[in-house]
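>>> Need coordinates for the following:
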Amino acid sequence: MDPKGLQGMLEAAQKQAEQMQDQMKKTLVEASAGGGSVTVKMDGSKRVIAVKIDPEVVKAGDVEMLEDLVTAAVNEAGRKADEAMQGSMGQMLGGVDLGGMFS
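The predicted structure follows:
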């Protein structure tokens, strides 16, 4: 194989990886639980950006319920981030089905 051709392929792959990382940072999803009592915003790399909790939930004093709501909202946001990344990365790669690559 031609070394220059291999170098070109490596450079193209590196550029595509950088584009994917950039897309992951730009992709934002939001999910809620408990009818909007807890809302989580997450980026495509599954970093939690923000958590909002309705003060009424805190007033109820049910810590276990609040923990469950936060867990459910984070898990749903993670699922949405996976879906968003599969869609956008599939488009970047020309419609390739990435299956569970981001799960």
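
>>> Does anything pack onto the longest helix along the chain? Which helices or strands?
Among the segments of the chain that qualify as a helix by DSSP state H, the longest is helix 63-92. Contact here means 3 or more C-beta pairs under 8 Å, 6 or more residues apart in numbering; DSSP states H and E; on that basis helix 63-92 packs against helix 3-26, strand 28-33, strand 38-43, strand 48-53, helix 55-60. Just so you know, the C-beta spots here come from the backbone N, C-alpha and C atoms, and that holds for glycine as well.

>>> Among the ones you listed, show the one with the smallest mean pLDDT.
Across these, helix 3-26 has the smallest mean pLDDT, namely a mean of 83.

>>> I'd like to know which elements that one is packed against.
Taking 3+ C-beta pairs under 8 Å, 6+ apart as contact, the helices and strands that helix 3-26 lies on are strand 38-43, helix 63-92.
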